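J.: what follows is a protein structure lacking sequence information:
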């Protein structure tokens, strides 16, 4: 099982509905959908429901934003719904209600090539209500529903165990929500259908390695380009020489933190982004560099500060037995990638 950073497949349900106010309709359908997912073991017994209520005519203003712990087996009616609606209304600011949105991250057991495992981030469930229309969408980021994994390898046992569960959940969601299942457009990874999703196959029936074609470049891109069109934090590329230090953990060499005051640049160069551990560790070091930039440190000052950190959250620590080295960044990247 692999987890992609962008959706593998998405399905939606929507209908006109003026049976209640927008807050009630959104939360009702969100709780109803959660109950379906709970029956198929795709969510635990309780989740945090992220709720937002925008002010009408002012899309950047919120009358309410917050997380509410909700049971997933209560359905979209009765006292459970009333309690959630009352909590939102009690905390809302004054103003005319605009769009109402709710979302929850779903996790649960799935069959993998190593037996049954707890799948994190299996789905993102969303619900929205606005102007007499209510919709629910379900997005998956994993490949356990597909006949082939995202690297193009057949997984018949995994698909046989998980595919029918997803198909049954999609059918029940359509029934409970009173709307036909609408598969979204194809993603980089798969083609959604009314009862699941399909791999992209070539003329000979072989699945494409979409992981290497799309996921790997997307993961690596975050280490090359700063957010906000490059205007937030340090630049993440440099033409001149950079100072760099290795980061190691019990898993071995994870990558290098590098910095250049000359070009106001600093980033983390991972040894690979194919490995989930290394990729997530790299994101931790990027967060640390962003925090250092926010405090006004120069790139080299940030490098020196980060070099003194102990291993936290399994992110490794800088190897300090030798002083920082210097190299052109393109050379360092070639060494790291093994080219």
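T.: Received it, and whenever you're ready, just let me know what you need. Nothing here was measured: the structure is a model prediction, and the numbers come from that model.

J.: mind checking pLDDT for the spatially closest residue to residue 77 that is not a sequence neighbour?
T.: Sequence neighbours aside, residue 28 is the residue nearest to residue 77 in space, at 6.9 Å (criterion: CB to CB, 6 or more residues apart in numbering). Heads up, the C-betas are built off the backbone N, CA and C, glycines and all. On the pLDDT scale, residue 28 is placed at 95.

J.: number of nearby residues for residue 28?
T.: Other residues lying near residue 28 total 22 when counted by other CB atoms under 10 Å.

J.: for it, which three-state class applies?
T.: helix (DSSP: H, G, I helix; E, B strand; the rest coil).

J.: likewise the one 4 residues further on?
T.: When classified by three-state DSSP, residue 32 comes out as helix.

J.: how near is it to residue 183?
T.: Distance of residue 32 to residue 183, computed by CB to CB, to the nearest Å: 20 Å.

J.: show me where this structure has helices.
T.: Assigned by DSSP state H, the helices in the chain fall at 22-39, 78-91, 156-177, 210, 216-224, 276-294, 299-306, 329-337.

J.: with distance to residue 246 as new columns, can those be given to me in JSON lines?
T.: JSON lines is the format used below for the helices of the chain (distance: least, CB to CB, whole Å):
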{"stretch": "helix 22-39", "distance to residue 246": "43"}
{"stretch": "helix 78-91", "distance to residue 246": "48"}
{"stretch": "helix 156-177", "distance to residue 246": "37"}
{"stretch": "helix 210", "distance to residue 246": "32"}
{"stretch": "helix 216-224", "distance to residue 246": "16"}
{"stretch": "helix 276-294", "distance to residue 246": "12"}
{"stretch": "helix 299-306", "distance to residue 246": "12"}
{"stretch": "helix 329-337", "distance to residue 246": "10"}
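
J.: so which of those comes closest to residue 2?
T.: helix 276-294 (7.8 Å; CB to CB).

J.: check which residues of the closest one are buried.
T.: Counting neighbours by 16 or more other CB atoms under 10 Å, one finds that the buried residues in helix 276-294 are 278, 279, 281, 282, 284, 285, 286, 288, 289, 290, 292, 293.

J.: contacts for it?
T.: By CB atoms under 8 Å, 6 or more residues apart in numbering, the list of residues contacting helix 276-294 from outside reads 2-3, 219, 222-223, 232-234, 247, 249, 251, 254-255, 257, 266-268, 270-273, 301-302, 305-306, 309, 313-316.

J.: these in strands, which ones?
T.: 247, 249, 254, 255, 257, 266, 267, 268, 270 (DSSP state E).

J.: can I get the buried part of the contacts of helix 276-294 as one PyMOL selection?
T.: The PyMOL command for the buried members of these (criterion: 16+ other CB under 10 Å) is given here:
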select buried, resi 2+3+219+222+223+233+234+247+254+255+257+266+267+268+270+271+272+273+302+306+315+316
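
J.: hmm, back to that, farthest pair within the ones in strands among the contacts of helix 276-294?
T.: Across the ones in strands among the contacts of helix 276-294, the longest distance by CB to CB is 20.2 Å; it joins 249 and 266.

J.: ok, the residue nearest to residue 77 touching residue 80?
T.: No - in this structure, residue 28 is not within contact of residue 80 by CB atoms under 8 Å, at 10.1 Å.

J.: picking that back up, so which of the helices of the chain comes closest to residue 131?
T.: helix 22-39 (8.1 Å).

J.: please compute how far that closest one lies from its chain's middle.
T.: Centroid separation for helix 22-39 versus its chain: 21 Å, with CA atoms, centre = their mean, to the nearest Å.

J.: tell me the angle of that helix relative to helix 156-177?
T.: 150 degrees (axes from the mean of the first three to the mean of the last three CA atoms, to 10 degrees).

J.: what packs against helix 22-39?
T.: Here helix 22-39 touches strand 46-55, helix 78-91, strand 97-112, strand 115-130, strand 133-140, helix 156-177, going by 3 or more CB pairs under 8 Å, 6 or more residues apart in numbering; DSSP states H and E.

J.: can you get me a residue count around the nearest residue to residue 30 once chain neighbours are set aside?
T.: Spatial nearest neighbour of residue 30, excluding adjacent residues (CB to CB, 6+ apart): residue 127 at 3.8 Å. Residues within reach of residue 127, counting by other CB under 10 Å, total 28.

J.: per-residue pLDDT, residue 127?
T.: Confidence score, pLDDT, at residue 127: 97.

J.: contacts only, for it.
T.: Listed by CB under 8 Å, 6+ apart, the contact partners of residue 127 are 26, 27, 29, 30, 33, 101, 102, 103, 134, 135, 136, 137.

J.: again, but for residue 30
T.: 49, 76, 102, 103, 104, 125, 127, 136.

J.: just the buried members of these?
T.: Buried among the contacts of residue 30 by 16+ other CB under 10 Å: 49, 76, 102, 103, 104, 125, 127, 136.

J.: return the member of those nearest to residue 70.
T.: Among the buried ones among the contacts of residue 30, and counting by CB to CB, the member closest to residue 70 is residue 49, at 4.8 Å.
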